[in-house]
Structure formats: C-alpha cells, structure tokens
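In: Build me a model from this:
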Amino acid sequence: MRHSTTPPHPPGATIRDMRIEDCEAVAAIRVRGWQHAYRGMIPQPYLDAMDIGRETGQRRAYFAERGEAVNVVAERPDGTVTGWACTGPHRAEGRPLPGCELYAIYVLPEHIGTGTGRALLAELTARAVAAGHPEMALWVLRENAAARRFYERAGFRPDGAEEDFEAGGAMVPEVRYVRPLTPPAAG
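Out: Model prediction:
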C-alpha cells in the first residue's frame, strides 16, 4: 500500500460547497482543464471552440437544477477557486450500480500536483461514505494515463465497462472505474 507524504489539502486551501457565484470560476476550471488534459485525445478544434462564457451559462443552469448532485470547490485563502468536483446518482444505462458517480473533477492546470485534486476527491468520498453509498464509480478517457493513475492511486479499479462519446465528430472511448466505499460484509 502506498502512502502519500503530501498533506490532504494544499497549504491554506479550503474545500467547500460550491455557490452560484462560483459558476464563472468553475467554468474556467472546466474549460482550461479539458484543454489541458485532453490535448491529443479529443479533436483540437473541439477543445479550441470551448468558451468560458458559454460554459458559465451551462454551469449556472446545472447548478440551479442540481437535484442530488454535490458540487464542491477548492479555494485558496485569497478567494481564488482552483478546483471543482461533482458527484451524484449513477447515470449508467443498462446495468445501474449501487452508490454514486463522480461526474467531474478538474483543477486549474497550474495547480495540478499540489494536492488539490486529492483534497476534492477525499471530500466527496467522505460525503459519499456518510451518505451510505457502498461504492463510487467514474468514467475516464481510456487514453488518459495520468488520470487513470490518479484514480488507481485513490483505490479505483476498472470494472470492464466501456463506452464512447462523441466530441468534435470523433468517438472518444471511456472506461468505467469503481471503488468500494464500505468494507465487504463478513461471512
């Protein structure tokens, strides 16, 4: 078992519930996160066309109708939002899983490696455990080796499910990862 020597939260950072006034910062994090993380995996014209203003409107709409979704942000002492993550009920078609799904986790590219992503994931994992979810699932681009390593270090494993989604006229393959949140029943 590998133990991290970095603190669970970046120095001075706070993980807190997202507020409506965070939508523009979250939109910038999502757009810049996609443009950084998915370069070479998603068609470049699609990434280049991503627009923070348009994304802000979508974030506001999603936030207003969030239902059971849980949105958290990482915030520095100066008020700068540097990361965002969201969980909610499974969106799985066909074989729904028990528990919840990690819909998104993004960090500003200049904050990658600071512990921000781990802190966001730790917060949402703790909330999922407190809510009684037996496991958490997520979808990750098959070619995104860095993200897959991040999730594997956090205890997630691929469960064999794969799907494609369309982005910019290309089909992009994703794999599903699952992590148990409660110990298996004895017996």
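In: element containing D48?
Out: Assigned by DSSP states H and E, D48 falls within helix 44-49.
In: could you give me the average pLDDT of the next helix or strand after that helix?
Out: Past helix 44-49, heading to the C-terminal end, the next element that is a helix or strand (DSSP H and E) is helix 52-64. Per-region confidence: helix 52-64 scores 93 on mean pLDDT.
In: what element comes up after helix 52-64 heading to the C-terminus?
Out: As assigned by DSSP H and E, the chain's next helix or strand after helix 52-64 is strand 70-75.
In: Pairing partners for that next one, with directions?
Out: Its sheet considered, strand 70-75 pairs with strand 14-17 (antiparallel), strand 81-89 (antiparallel) by DSSP bridges.
In: Would you mark the buried spots in that strand?
Out: V70, N71, V72, V73, A74, E75 (16 or more other CB atoms under 10 Å). C-betas here are computed from N, CA, C, even on glycine.
In: Which residue would you name as the spatial centre of the protein?
Out: I105 (2.1 Å; CA atoms, centre = their mean).
In: Next, find the distance separating V26 from F156.
Out: 23 Å (CB to CB, to the nearest Å).
In: related to what we said a few turns ago, just the CA coordinates for the helix holding D48, please, in CSV.
Out: Output of helix 44-49 as CSV, limited to C-alpha atoms (Å, rounded to 0.1, in the frame of the first residue of the first chain):
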residue,chain,number,x,y,z
GLN,A,44,-8.2,20.1,-31.1
PRO,A,45,-10.9,22.2,-32.9
TYR,A,46,-13.4,21.0,-30.3
LEU,A,47,-11.1,22.0,-27.5
ASP,A,48,-10.3,25.3,-29.1
ALA,A,49,-14.0,26.1,-29.5
